[in-house]
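Novice: build me a model:
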Amino acid sequence: MGKDSAKYRYIEAAILRGSPTLMSIEKDAAEHHMSEHMGKLLALRIADYYKLAEALGTYSVEGILATLSYGSRLLMNAPVQRQVERDHSLLAEEAHPQLQEEITILPADDPEENASMASEYWNTL
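Specialist: Residues are numbered from 1 along each chain as shown. The predicted structure is shown next:
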């Protein structure tokens, strides 16, 4: 099958033979039965990288790792957003005052907002 340069932009790249990067790509290709289609696999992985980078708001590996590390600490250690079904909890409190509202913790998109919500939560205790 020939190249469709009207539809695709072809980019030539060289990866050092025997390098950890090439070994990782070859392992990935073998695991997904794409050893004969490594160019397609690389295009897929690059697309995945950019989706992740854009979702996290950074293109550097250091920024991505820091964001992921920060996010996992938030999920494990700090309440950041309260979600309460007000109607249900108010009725339950009126009927059974001993019941406390259930709190669900979810991260906010903005780190500043996370900090603010966490501070508000802890101030209510």
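
Novice: how far away is Gln8 from Asp48?
Specialist: In this structure residue 8 is Tyr, not Gln. For Tyr8, the distance to Asp48 (C-beta to C-beta, to the nearest Å) stands at 18 Å. C-beta coordinates here come from the backbone N, C-alpha and C atoms, glycine included.

Novice: just Ala115 next, same as before
Specialist: According to C-beta to C-beta, Ala115 and Asp48 sit 30 Å apart.

Novice: which one's more surrounded, those two?
Specialist: Between Ala115 and Asp48, Ala115 has the larger neighbour count (other C-beta atoms under 10 Å), namely 14 against 10.

Novice: least confident secondary structure element in the protein?
Specialist: helix 86-95 (a mean of 48; mean pLDDT, DSSP states H and E).

Novice: which stretch of helix or strand covers Tyr8?
Specialist: Tyr8 belongs to no helix or strand when assigned by DSSP states H and E.

Novice: and it, what pLDDT?
Specialist: We have a pLDDT of 91 for Tyr8.

Novice: other residues contacting the longest helix seen in the chain?
Specialist: Looking across the chain with DSSP state H, the single longest helix is helix 38-56. The contact list for helix 38-56 (C-beta atoms under 8 Å, 6 or more residues apart in numbering) reads Ala13, Ile25, Glu26, Asp28, Ala29, His32, Met34, Tyr59, Gly63, Ile64, Thr67, Leu68.
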